[in-house]
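give the three-dimensional model of this entry:
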Amino acid sequence: MSRAAGVRDVARRCVTVPALLALIPLALALLLVTVALAPLSLLAGRHGRGLQPQRLALYAFVYLVADLAGVCAALVARLRCLGGGPERRERLVALNYRLLARLLGCLVGCSRRIFALSVEVDPPIPGPGVRPPDGMVVFARHAGPGDSILLVHGLVCGAGLRPQVVLKEFLRWDPCMDLVLSALPHCFVPRHADTDGRTSDAIGALAARLAPGDALVVFPEGGNFTERRRRRSIRWLVRTGQLRRAARARRQHHVLPPRMAGPLAALTGARDAGAAVVFVAHTGLDRIDSPSRLWSSIPLRESVRATWWSVPSRAIPRGREARESWLTDQWSRVDAWIGHERTESASPRAASS
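As a prediction, the model looks like this:
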């Protein structure tokens, strides 16, 4: 890390940590107000629904308290591992993975109780005792609030893996995420375009260093799926002369066309490291794409359904064009699975069960 980057990190945390401390009492006050108004919320609710303000306020308070606890624990871990050296660095990584598992377990557990969240994964996630012989690159669809939390929770808590996440840089304004992930292998993607290839190189380097038990998490779409973003992505492909990709994207109704630079770098690194590639598709949260839909969806009426499949490193094609076509084919499979699941859930038989 450069000295300038270190100064920016300190300056940012001098803002985000006090802001977190200020938000917690505000969230508590909001929670108390909504609890006092709970009888009115019950009267306004329909078909057994209601209490949306109370549920949202409670989760916001829990999230902020968990964030503060994570900040404190991350600082303690850094103090315990002062002095440098490979052994202390490895210990710091282990402590932060343990902390990450506890924080995600808390947030997902609260989501189950507050929002009636349920998750169904088919095939089931292999347990911690069934670790793959090599590392893996995980390409996941990005759609709906909290889907990335559920994915990383499944990897670290369900499968006992060590996730290395590629995520947007603005998420560093969450002080807990900033401190915990900065101590782990990661890649923060800047807001501006990767014109110099620096971000892609960082993703490729992470993939090339994958060891057994490591899982590099990449969201090829670059953002949450919405129909508006889908149309905008197709128009961009047309403007830039990528007509074949635009035509395929028009046939994919539930996913965004993958951004190629980062995923292709991850595929190159995965092949060099002998790492498998895992694709994750899910549905259930994707229709919650606005505050109004979030409000009307609480508590959640349908389960989050997910599937995954693995491709060995030897099956990754060679050459950029071949890999672009292969990745698009896999993304079409993600799209087809989502379409099938939506059709099944909307069928009369599913609705009556």
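
what about the most centrally placed residue in the chain, distance to residue 282?
Most central residue of the chain, judged by C-alpha distance to the mean C-alpha position with CA atoms, centre = their mean, is residue 148 at 1.9 Å. Noted for residue 148: a distance of 11 Å to residue 282, by CB to CB, to the nearest Å. Every residue, glycine included, has its C-beta placed from N, CA and C.

and residue 344, what's its pLDDT?
pLDDT for residue 344: 79.

ok, it to residue 313 distance?
From residue 344 across to residue 313, the span is 33 Å (CB to CB).

quick one, phi psi at the closest residue to residue 145 other than its chain neighbours?
Nearest residue to residue 145, sequence neighbours excluded (CB to CB, 6 or more residues apart in numbering): residue 288, at 5.7 Å. The phi/psi pair for residue 288 (degrees, to the nearest 10) reads phi -90, psi 80.

surely residue 288 and residue 297 touch.
Yes. Contact criterion CB atoms under 8 Å: residue 288 and residue 297 qualify, at 5.2 Å.

ok, these two, which is more surrounded?
A count of neighbours by other CB atoms under 10 Å puts residue 288 above the other of residue 288 and residue 297, at 21 against 18.

thinking again about what came up before, out of residue 344 and residue 313, which sits in the busier spot?
When residue 344 and residue 313 are compared for neighbours, residue 313 comes out ahead with 19 against 11, by other CB under 10 Å.

and that one, what does it touch?
134, 270-271, 273-277 (CB atoms under 8 Å, 6 or more residues apart in numbering).

how does it look with 10 Å?
134-137, 210, 267, 270-277 (CB atoms under 10 Å, 6 or more residues apart in numbering).

find the residues that touch each one of residue 148 and residue 282.
140, 142.

list the buried ones in stretch 106-125?
Within stretch 106-125, the residues that count as buried by 16 or more other CB atoms under 10 Å are 106-108, 110-111, 114-115, 117, 119, 121, 125.

now, these that are in helices?
Within these, residues falling in helices by DSSP state H are 106-108, 110-111, 114-115.

any chance of a markdown table for these, columns pLDDT and distance to residue 186?
Formatted as a markdown table, those follow (pLDDT from 0 to 100; distance: CB to CB, whole Å):
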| residue | pLDDT | distance to residue 186 |
| --- | --- | --- |
| 106 | 97 | 21 |
| 107 | 97 | 19 |
| 108 | 97 | 20 |
| 110 | 97 | 25 |
| 111 | 96 | 23 |
| 114 | 95 | 28 |
| 115 | 95 | 28 |
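
from these, pick the one nearest residue 55.
residue 114 (5.1 Å; CB to CB).

circling back: of the ones in helices among the buried residues of stretch 106-125, which is the nearest to residue 325?
Within these, distances to residue 325 taken as CB to CB reach their minimum at residue 108, with 36.1 Å.

against residue 289, how distant is the closest one?
Taken as CB to CB, the span from residue 108 to residue 289 is 21 Å.

next one: residue 312
Separation of residue 312 from residue 289 (CB to CB) stands at 35 Å.

more crowded one of these two?
The neighbour comparison of residue 312 against residue 289 (other CB under 10 Å) goes to residue 289, with 18 against 11.

can you pull the contacts of the more buried one?
With CB under 10 Å, 6+ apart, residue 289 has these contacts: 143-145, 224-229.

quick one: low-confidence ranges for the stretch 201-350 of the chain?
Applying pLDDT under 70 to the stretch 201-350 of the chain picks out residues 346-350.

nothing else from me, thank you.
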